[in-house]
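**Student:** Starting from these lines, generate the structure:
(chains A and B)
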Amino acid sequence: MNTRLLRYARYQAPEFVTHRLALPLILLVFAAGLPTYVMTKNTPPGWMQSPQGINLARQMFSQSITLFLPLGAFVAAVGVISADRQQGYFRFLFSKPINILAYYLQTYVLHAIIYVAVFGLIVWGYSAYTIHFSVHRAMEAAVLTFVLIGGLGLLFGAVTRFDAATLIVTYIAALVLQQLTLAPAHGGLPEWLMTVGRGLPPVLKLDTLRDHLYAAQPLDSAQLWHVLGYGGGAAVIGLLLLRRLPLSR
Amino acid sequence: MSKTYRSLFGREVRAVEDVTLDVAPGEVLGIAGPNGAGKSTIISLLLGFLKPTSGTLSIDGMEPRAYVEKFGVSYVPELMALPTHWTAEGALRRLAVLAGVPSDKLGVEVDRVIEMLAIGEHRKKRLKTLSKGNFQRVGLAQALLMPTRVVIFDEPTHGLDPVWTQKFREIVASLKGSDRAIIIASHNLDELERLTDRVAIIDRGKIQRVVTVSGASVSTLMAYRVRVVAGGDALTAQFPGAVLGSNGDLDLPPIDVPTLNAGLAAAIGTGALISAVIPRESALEQAFHASVGGTAQ
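**Tutor:** The predicted structure follows:
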């Protein structure tokens, strides 16, 4: 990675926050920030440490705060390569002496770092107002989420301009099929559909890993490697395809 | 080289077919052709944005993408496409960083191109608020941020007013150098004739002919319009096939320069008075029309 690209990160970073992360952050303020503020203002001091307070804080964390993870990863991962291609920005960017793979690799890594850091800050702030949550484990959950969703975003961005729609459809299909697979009698799914479900991104395993991280429970290494391998593999294939496929269509 | 686009359903479109071209350092090559002739495809191939279906391309002995990634190319695309929430100056700063302008010279270099393209009053404006011409000037400015050995302009004066079209010609003249190859793709034959050394005329993906601009006049047959003050009959007698227009101008059929001079001298000798002789079409225009025929738009 050359110094030109590293210097360019100072323009990419603020743009990522203002043009991509802003929306999920605003949603989070309304979904979790305001209720938390109201809750802490309208309860007596120390109530938050009571069993009811702890229960409520945990509920809000799992129902609102953690929404940022898939949403933030999604906005960080899609429309990066596809927008450059579709809008024609690549003609300006890549007539300059920079490596295309390095450029997109830097972009995704930068998005990942900021996304993980922002989630750490959110959890740290929420902890300060409510009860203790491990910022460290929350950031680990964010890393896992980004590896899977970011890797898929890079792969889909390399092959299609409909990367956002493809990612949403894939994510939802994986979630539904994998949940049905766990249901009694596999939810009546035919064998071939179960096979498809198993081959789709391990989103249910990601959920389980995140829950274990929040609850400070040990992680199943097989699940962990499946998620990391799937996301990392998708990213590597995406980069290889990016090298092979023409930018101009 | 050739480039064939294939759809998912197997339909093929031959965008470029058996094109052979070379551009030497110090040369300005024009690429002329009607819409859809393959000009922009050739440029995308040159920048490594596309790969040829067959054949090879190289810049200074290197595969195009490898060359561009190592040295960069000064390139103005046909369509100006940059994120429109960027300001003009912001866009130039970003692209200057990617172009490799050192940090300590960034401000100076950006100011230089802003001044050169006279976009100072627009530097803080978002690109979406700029007129087409001003946006085009930002596009030209970014191409001039760093000296490169390869310059590619695709319809560079598209959207520029006459004043800036003229200034663009001055900029190209200033870019000409013994070590630099310049390629200009344009519809504008007059512009190509003024700026280039050779023009490749392309139609339906094929090079129809390559015209050397500077040496195209003496023996080439050209049509002329003669502004006649008196003695029109003497002229028509010298030039069979000449047509007298309603305004008194005489349109001569295509002839070479010696025939033109001999005919004019004879007519003047018998009393004709002539105020002007104007080529109806340049050699390039003639070659273009002969090459692309009715497909030109």
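
**Student:** tell me the helices in the stretch 101-250 of chain B, going along the chain?
**Tutor:** Taking DSSP state H, counting those that start in this stretch as the criterion, the stretch 101-250 of chain B carries its helices at B:106-116, B:132-143, B:162-175, B:189-195, B:232-238.

**Student:** do chain A as well
**Tutor:** With DSSP state H as the criterion, chain A has helices at A:3-16, A:22-28, A:34-41, A:51-63, A:68-77, A:81-87, A:90-93, A:100-129, A:135-159, A:163-182, A:191-199, A:203-214, A:221-244.

**Student:** Run through who's touching the second one.
**Tutor:** Meaning helix A:22-28. With contacts defined as C-beta atoms under 8 Å, 6 or more residues apart in numbering or on different chains, helix A:22-28 is touched by A:64, A:65, A:67, A:68, A:71, A:72, A:75, A:118, A:122. Quick note: C-beta positions are derived from backbone N, CA and C, even for glycine.

**Student:** Contact partners for the fifth one?
**Tutor:** Going by C-beta under 8 Å, 6+ apart, residue A:71 touches A:24, A:27.

**Student:** that older thread, any idea which of the helices of the stretch 101-250 of chain B is most buried?
**Tutor:** The highest mean neighbour count among these, using mean count of other C-beta atoms under 10 Å in any protein chain shown, belongs to helix B:132-143: a mean of 23.

**Student:** anything in that one near chain A?
**Tutor:** Yes. Using C-beta under 8 Å from any C-beta of the partner chain, we find that helix B:132-143 touches chain A at B:139, B:142.

**Student:** just the angle between that helix and helix B:162-175, please?
**Tutor:** Angle of helix B:132-143 versus helix B:162-175, following axes from the mean of the first three to the mean of the last three C-alpha atoms, to 10 degrees, is 10 degrees.

**Student:** residues from chain A in reach of chain B?
**Tutor:** Contacts of chain A with chain B, taken as C-beta under 8 Å from any C-beta, map to A:4-5, A:7-8, A:11, A:19, A:87-100, A:246-248.

**Student:** for the stretch 151-297 of chain B, what spans make up the strands?
**Tutor:** Assigned by DSSP state E, counting those that start in this stretch, the stretch 151-297 of chain B shows strands spanning B:181-186, B:198-203, B:206-212, B:224-230, B:243-244, B:249-251, B:273-279.

**Student:** Any regions of chain A where pLDDT drops low?
**Tutor:** By pLDDT under 70, the weakly predicted segments of chain A are A:1, A:249.

**Student:** Closest to the centroid, which residue in it?
**Tutor:** residue A:73 (2.6 Å; C-alpha atoms, centre = their mean).

**Student:** now that residue: how far from residue A:146?
**Tutor:** From residue A:73 over to residue A:146 the distance is 5 Å, taken as C-beta to C-beta, to the nearest Å.

**Student:** Spit out the residues that contact the two alike.
**Tutor:** Shared contacts of residue A:73 and residue A:146 (C-beta under 8 Å, 6+ apart): residue A:115.

**Student:** residues in contact with the closest residue to residue A:157 other than its chain neighbours?
**Tutor:** Among residues not flanking residue A:157 along the chain, residue A:81 sits closest, at 3.5 Å (C-beta to C-beta, 6 or more residues apart in numbering or on different chains). Neighbour list for residue A:81: A:104, A:154, A:157, A:158, A:163, A:242 [criterion: C-beta under 8 Å, 6+ apart].

**Student:** of those, closest to chain B?
**Tutor:** Checking these against chain B by C-beta to the nearest C-beta gives residue A:242 as the nearest, at 11.9 Å.

**Student:** That closest one against residue A:103, yeah?
**Tutor:** No. Using C-beta atoms under 8 Å, residue A:242 is not in contact with residue A:103, being 9.7 Å away.

**Student:** Can you add distance to residue B:164 and give the contacts of helix A:22-28 back as TSV?
**Tutor:** TSV is the format used below for the contacts of helix A:22-28 (distance: C-beta to C-beta, whole Å):
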residue	distance to residue B:164
A:64	54
A:65	54
A:67	51
A:68	48
A:71	46
A:72	44
A:75	39
A:118	44
A:122	50
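
**Student:** count of neighbours near the closest residue to residue B:227 other than its chain neighbours?
**Tutor:** Leaving aside its chain neighbours, residue B:227 sits nearest to residue B:276 (4.0 Å; criterion: C-beta to C-beta, 6+ apart). Neighbours of residue B:276 under the rule other C-beta atoms under 10 Å in any protein chain shown: 11.

**Student:** my guess is residue B:276 meets residue B:224, correct?
**Tutor:** No. Residue B:276 is beyond contact range of residue B:224, at 9.8 Å (criterion: C-beta under 8 Å).

**Student:** Give the residues shared as contacts by the two.
**Tutor:** With C-beta under 8 Å, 6+ apart, residue B:276 and residue B:224 have no common neighbours.

**Student:** about what we covered before: now, of the residues of chain A next to chain B, which are buried?
**Tutor:** Among the residues of chain A next to chain B, the ones that count as buried by 16 or more other C-beta atoms under 10 Å in any protein chain shown are A:4-5, A:7-8, A:11, A:88, A:90-100, A:247-248.

**Student:** While we're on the residue nearest to residue B:227, how confident is the model there?
**Tutor:** Listed pLDDT for residue B:276 reads 92.

**Student:** Not counting sequence-adjacent ones, nearest residue to residue B:85?
**Tutor:** Nearest non-adjacent residue to residue B:85, counting by C-beta to C-beta, 6+ apart: residue B:126, 5.9 Å away.

**Student:** one step back: ok, of the contacts of helix A:22-28, which one's closest to residue B:203?
**Tutor:** Closest approach between these and residue B:203, by C-beta to C-beta: residue A:75, at 45.7 Å.

**Student:** Just list the residues touching the closest one, thanks.
**Tutor:** Counting by C-beta under 8 Å, 6+ apart, residue A:75 touches A:20, A:21, A:23, A:24.

**Student:** got it, and residue B:111?
**Tutor:** By C-beta under 8 Å, 6+ apart, no residues touch residue B:111.

**Student:** Please tell me how far it sits from residue A:83.
**Tutor:** The spacing between residue B:111 and residue A:83, counted by C-beta to C-beta, is 30 Å.

**Student:** Measure how buried residue 179 is and give me the count.
**Tutor:** In the absence of a named chain, chain A is used. Look at residue A:179: counted by other C-beta under 10 Å, it has 14 neighbours.

**Student:** Chain B was what I was after
**Tutor:** Neighbour tally, residue B:179, other C-beta under 10 Å: 8.

**Student:** worst average pLDDT in the strands of the stretch 151-297 of chain B?
**Tutor:** Taking the mean pLDDT of the strands of the stretch 151-297 of chain B, strand B:243-244 comes last: a mean of 84.
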